[in-house]
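> give me coordinates for this.
(2 chains)
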There are 2 protein chains.
Amino acid sequence: MATMKATLMYGPGDVRVEEVERPVIEQPTDAVIRMLSTCVCGSDLWPYRGLEGEFPEPRRMGHEYVGVVEEVGSDVKDIKVGDYVVGSFCLSDMTCDICKAGYPSRCMHGGFVGTAQAQYLRVPLADGTLVAAPGKPTDEQLVDLTAASDVLGTGWFAADEAQAGLGKTIVVVGDGAVGLSGVLAAQQLGASRIIAMSRHADRQALAKEFGATDIVEERGDEGVAKIMELTGGVGADGVVEAVGTQQSMMQAIACCRPGGYVGYVGVSHGVQLDGGQLFFSEVHLMGGPAPVRKYLPEFIDKIYKGEMHPGKVFTKTVNLDDIAEGYRAMDQREAIKVRVRPW
Amino acid sequence: MATMKATLMYGPGDVRVEEVERPVIEQPTDAVIRMLSTCVCGSDLWPYRGLEGEFPEPRRMGHEYVGVVEEVGSDVKDIKVGDYVVGSFCLSDMTCDICKAGYPSRCMHGGFVGTAQAQYLRVPLADGTLVAAPGKPTDEQLVDLTAASDVLGTGWFAADEAQAGLGKTIVVVGDGAVGLSGVLAAQQLGASRIIAMSRHADRQALAKEFGATDIVEERGDEGVAKIMELTGGVGADGVVEAVGTQQSMMQAIACCRPGGYVGYVGVSHGVQLDGGQLFFSEVHLMGGPAPVRKYLPEFIDKIYKGEMHPGKVFTKTVNLDDIAEGYRAMDQREAIKVRVRPW
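Below you'll find the predicted structure:
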């Protein structure tokens, strides 16, 4: 039996790398990729911090990946052995009604990736899920592609749903890797003013590098008052919400002008919205698991042309053997996001 | 002192017509109109049913109106004495950033109309708020214009935000005058399939006349299951929510496909939305006081061309003196909506 190294979470704070069985083709639509780069997600910290209850058994981790195709099933037509590929955390056939409507994260035949912090990964629905890059990535491109797999796509989705575009004023609530990616997305989409709500110097600096025109350190009511002051009492045209708490959601809605757009991608933890308050806020509200797959071709194009460097969110890189240190650094907010070298 | 007849609500179930002072120009941007037609709104039934608490003093009622301009203030430029005009329940200058962004119901200098069940009405911000029809309306056009003032515009807004359009499948939750107007709006906007959720024979009939292709009588989980069955397990592209209760809102969200659009115009009464559930529904949610004003020119055009007859929602007409009977009939669901002749 061929084995490989893979990440397992045994319980809160307990991340280990062990030898496990190497994945093989199971379905004719599968591909198996050899991992070139993976990373730790902010959402991996929820179970790490004990916020998702008990672990009946050790849990394989990871859903962000760039790899080279090692083997494909007999029904895989577009993806070839040797292709350099990126995929999202969702599986997508790209042919169902929901995929065609632009929401491949909700593919009618899809599912989730959950074992990517490893040396190999089986990817179901390979033709739909994976996108091939035009050639072998440089080291810098590999880092950028790793961000494209989730965090860039998630921030981009929020900015897209916030209708970031030419002439727009966009507020970004949350200065984690997703929020910062939302700043980058708003800049790439042409927003003329991008206000990052952040109180950490290192994140403020990256927000500015990604295109933020203003930084607001205040939160809650004070933060909203500051946004109103900066927008002449109107509010923002669009708001990216990238935290998922009651406070961040209410802050996002309150910063938005009537008729504006809130794109929320922070996975809700205990958020409750009052219908009457929402009615009289009169903002467009849209969020959920980001349909990263639909943006990947554009991301790859921009990355290979050097037009953006989303990989700057990785402020620390560890080898797979040391991934526990990566979790620790993210948990302690020593790193914005941690990239993992699988070999 | 010139007087006129006007409607006052003294308390739940207690509607009276009394002689009150006739309005005059107060601001240079005001107009005073002589009322040609007004009506009773579903939202007037909330206080009528005692659901809005105590009445410290009798309350003037009414916010839907068609009239002829009697007098204008010195700053009114576009609206002329003698114009036949329609306006919405919201005041709008049509020049502020929010009006220009398409949400005149949230005008930065606006407010609400609340005294239209009377023989005369003072309309502030007349140039923005009022739209002149091309000439004296026929009796039928007068009825249709009365519907345009609120109920058609509110249903239209919901259908518009639900992205009703060519080839779309639209579900309408609620078979009151607003829901039925949402059916008409979806039909006018080109939706190919319009599923009205209704269990009253008279309202089903009008829904079909307005363009509904399917009727679903079930509610709640059974209703959702039926919509899923009718849409091949996908859900509707867009949903109009025109009730405002917890059940109707959850039903609307559950009927919508991932990435679809819910336009909600039922004024929320006690609705609470769970953030996590909303996140994983992944639908666009938008609602609030409808920006009726922006649709009025199109409504007037369609009504004068005879392209639609939104006035069919009026299944009963009373004279102003008998408006209490109009309230009673709507409260008892004997009439879908009641029109009022002010003279």
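> which residue ranges of the stretch 151-300 of chain A form strands?
Taking DSSP state E, counting those that start in this stretch, the strands of the stretch 151-300 of chain A run over residues A:169-173, A:193-197, A:214-216, A:236-241, A:256-264, A:272-274, A:284-287.
> redo those as CSV? Include mean pLDDT and distance to A:G102.
Every residue, glycine included, has its C-beta placed from N, CA and C. Below are the strands of the stretch 151-300 of chain A laid out as CSV (pLDDT from 0 to 100; distance: least, Cβ to Cβ, whole Å):
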stretch, mean pLDDT, distance to A:G102
strand A:169-173, 98, 21
strand A:193-197, 98, 24
strand A:214-216, 98, 31
strand A:236-241, 98, 18
strand A:256-264, 98, 14
strand A:272-274, 96, 24
strand A:284-287, 98, 12
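> in TSV, list those strands along with distance to A:P56 and mean neighbour count.
Output for those, formatted as TSV (distance: least, Cβ to Cβ, whole Å; neighbours: other Cβ atoms under 10 Å in any protein chain shown):
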stretch	distance to A:P56	mean neighbour count
strand A:169-173	35	32
strand A:193-197	38	26
strand A:214-216	43	19
strand A:236-241	32	31
strand A:256-264	31	27
strand A:272-274	29	16
strand A:284-287	30	25
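> redo those as a markdown table? Include distance to chain B.
Below are those laid out as a markdown table (distance: least, Cβ to the nearest Cβ, whole Å):
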| stretch | distance to chain B |
| --- | --- |
| strand A:169-173 | 11 |
| strand A:193-197 | 14 |
| strand A:214-216 | 18 |
| strand A:236-241 | 8 |
| strand A:256-264 | 4 |
| strand A:272-274 | 4 |
| strand A:284-287 | 4 |
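> need those strands in TSV with distance to B:R122, can you?
Listed next are these as TSV, based on distance: least, Cβ to Cβ, whole Å:
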stretch	distance to B:R122
strand A:169-173	36
strand A:193-197	40
strand A:214-216	42
strand A:236-241	34
strand A:256-264	25
strand A:272-274	34
strand A:284-287	34
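> the ones you listed: which one's closest to B:V15?
Ranking the strands of the stretch 151-300 of chain A by proximity to B:V15 (Cβ to Cβ) places strand A:272-274 first, at 30.5 Å.
> surely A:P291 and A:C107 touch.
No - if you go by Cβ atoms under 8 Å, A:P291 and A:C107 don't touch, sitting 9.2 Å apart.
> need the residues touching each of the two.
Common neighbours of A:P291 and A:C107, using Cβ atoms under 8 Å, 6 or more residues apart in numbering or on different chains, are A:C90.
> how about the residues of the stretch 101-250 of chain A near chain B?
Contact residues (Cβ under 8 Å from any Cβ of the partner chain) of the stretch 101-250 of chain A with chain B: A:101-103, A:105-106, A:108, A:161, A:232-234, A:237, A:244, A:246, A:249.
> show me these that map onto helices.
Within those, residues falling in helices by DSSP state H are A:161, A:246, A:249.
> now tabulate those in TSV and tack on pLDDT and neighbour count.
Putting those into TSV (pLDDT from 0 to 100; neighbours: other Cβ atoms under 10 Å in any protein chain shown) gives the following:
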residue	pLDDT	neighbour count
A:E161	98	23
A:Q246	95	15
A:M249	97	24
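> how is chain A divided into domains?
A:3-150+A:291-341, A:153-287 (automatic domain parsing).
> quick revisit: between the ones in helices among the residues of the stretch 101-250 of chain A next to chain B, which is nearest chain B?
Nearest to chain B among these, counting by Cβ to the nearest Cβ, is A:M249 at 6.4 Å.
> what number of residues lie near the residue nearest to that closest one when sequence neighbours are not counted?
With sequence-adjacent residues excluded and distances taken as Cβ to Cβ, 6 or more residues apart in numbering or on different chains, A:M249 is closest to A:V271, at 5.0 Å. By other Cβ atoms under 10 Å in any protein chain shown, 24 other residues sit near A:V271.
> how about A:V271, what does it touch?
A:244-246, A:249, B:274-276.
> state the distance from the closest residue to A:Y65 other than its chain neighbours to chain B.
Nearest non-adjacent residue to A:Y65, counting by Cβ to Cβ, 6+ apart: A:A116, 4.2 Å away. Look at A:A116 and chain B: by Cβ to the nearest Cβ, to the nearest Å, they are 21 Å apart.
> pick out whichever of A:P291 and A:C107 has more residues nearby.
Regarding A:P291 and A:C107, a neighbour count based on other Cβ under 10 Å identifies A:P291 as having more, with 27 against 24.
> could I get the contacting residues of that one?
A:88, A:90, A:102-106, A:153, A:157, B:259.
> hmm, which helix or strand of chain A has the shakiest average pLDDT?
Across the helices and strands of chain A, mean pLDDT, DSSP states H and E gives its lowest value to helix A:45-48, namely a mean of 93.
> what does it rub up against?
A:9, A:12-13, A:15, A:52, A:55, A:59, A:267, A:269, A:327, A:330-331.
> and those residues, which of them are in strands?
Of the contacts of helix A:45-48, the ones assigned to strands by DSSP state E are A:9, A:15, A:59.
> using TSV, lay out these together with distance to B:C39 and neighbour count.
Below are those laid out as TSV (distance: Cβ to Cβ, whole Å; neighbours: other Cβ atoms under 10 Å in any protein chain shown):
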residue	distance to B:C39	neighbour count
A:M9	62	20
A:V15	66	24
A:R59	61	17
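> returning to that earlier point: would JSON lines of the ones in helices among the residues of the stretch 101-250 of chain A next to chain B with distance to B:K136 be doable?
JSON lines is the format used below for these (distance: Cβ to Cβ, whole Å):
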{"residue": "A:E161", "distance to B:K136": "46"}
{"residue": "A:Q246", "distance to B:K136": "55"}
{"residue": "A:M249", "distance to B:K136": "51"}
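> which of those residues lies closest to A:G167?
A:E161 (17.6 Å).
> in space, what's closest to that closest one - neighbours in sequence excluded?
A:E161 sits nearest to A:G263 (Cβ to Cβ, 6+ apart), 3.3 Å away.
> for that neighbour, what are its contacts?
A:157-162, A:182, A:238-241, A:286-287.
> could I get the full set of helices for the stretch 51-200 of chain A?
Using DSSP state H, counting those that start in this stretch, the helices of the stretch 51-200 of chain A run over A:97-100, A:126-129, A:139-148, A:151-161, A:177-188.
> the inter-axis angle of the third one versus helix A:177-188?
Right, helix A:139-148. Using axes from the mean of the first three to the mean of the last three Cα atoms, to 10 degrees, the inter-axis angle of helix A:139-148 relative to helix A:177-188 is 110 degrees.
> how about stretch A:196-213: buried residues?
A:196-198, A:203-204, A:206-208, A:210-213 (16 or more other Cβ atoms under 10 Å in any protein chain shown).
> ok, now stretch A:13-31?
A:15, A:17, A:20, A:22-23, A:25, A:29-31.
> nearest residue to the middle of chain A?
A:V151 (2.2 Å; Cα atoms, centre = their mean).
> the nearest residue to it once chain neighbours are set aside: neighbouring residues, count only.
Of all residues beyond its chain neighbours, the one nearest A:V151 is A:A177 (4.6 Å), with distances taken as Cβ to Cβ, 6+ apart. Neighbours of A:A177 under the rule other Cβ under 10 Å: 31.
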